[in-house]
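K.L.:
next one to model:
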Amino acid sequence: MFEDKPIFGIGTNLFRSQCHKSEYKYTHRSCSTHPHNFYIQLLAELGIYNRFIFLVIFYLYLSKLLIKAIL
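P.N.:
You can find the predicted model right below:
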C-alpha cells in the first residue's frame, strides 16, 4: 500500500478495507484485522508527508506538556 501512494498514503482507517484486495495478499492468511506494527500502518495510511506532520504535532504536544510540568 505504501508503494502505491508513498507521499500521501491511502487514507485514514482504510488499511482493513484495502488489505483484502488481491494485489496486497501474499497468502490466504496475510490480511488480518490490523497490522502488528503501528508505524507501518501509519505509513501506509498517511504516507510520508502526513505521517511527518502527525509526528511533529505529537512531539510538540508532548514537549508542551513536559515544559508545563517543569515550570
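
K.L.:
distance from the chain centre to the helix or strand containing residue 50, please.
P.N.:
Assigned by DSSP states H and E, residue 50 belongs to helix 38-70. Average the C-alpha atoms of helix 38-70, do the same for its chain, and the two points are 11 Å apart (Cα atoms, centre = their mean, to the nearest Å).

K.L.:
for it, packing partners?
P.N.:
Packing partners of helix 38-70 (3 or more Cβ pairs under 8 Å, 6 or more residues apart in numbering; DSSP states H and E): helix 15-18. Placement of C-beta: from N, CA and C, glycine included.

K.L.:
so which bits of the helix it packs on are buried?
P.N.:
Buried residues in helix 15-18, counting neighbours by 16 or more other Cβ atoms under 10 Å, are found at 15, 18.

K.L.:
and it, what does it pack onto?
P.N.:
Against helix 15-18 (3+ Cβ pairs under 8 Å, 6+ apart) you get helix 38-70.

K.L.:
averaged pLDDT, the helix it packs on. What do you get?
P.N.:
Computed over helix 38-70, the mean pLDDT rounds to 86.

K.L.:
got the buried residues for the helix holding residue 50?
P.N.:
Within helix 38-70, the residues that count as buried by 16+ other Cβ under 10 Å are 41, 42, 43, 44, 45, 46, 47, 50, 51.

K.L.:
now do the same contact list for the second one.
P.N.:
In this case it means residue 42. 51, 54 (Cβ atoms under 8 Å, 6 or more residues apart in numbering).

K.L.:
now it: how far from residue 15?
P.N.:
Separation of residue 42 from residue 15 (Cβ to Cβ, to the nearest Å): 9 Å.

K.L.:
again, but for the third one
P.N.:
Going from residue 43 to residue 15 by Cβ to Cβ gives 10 Å.
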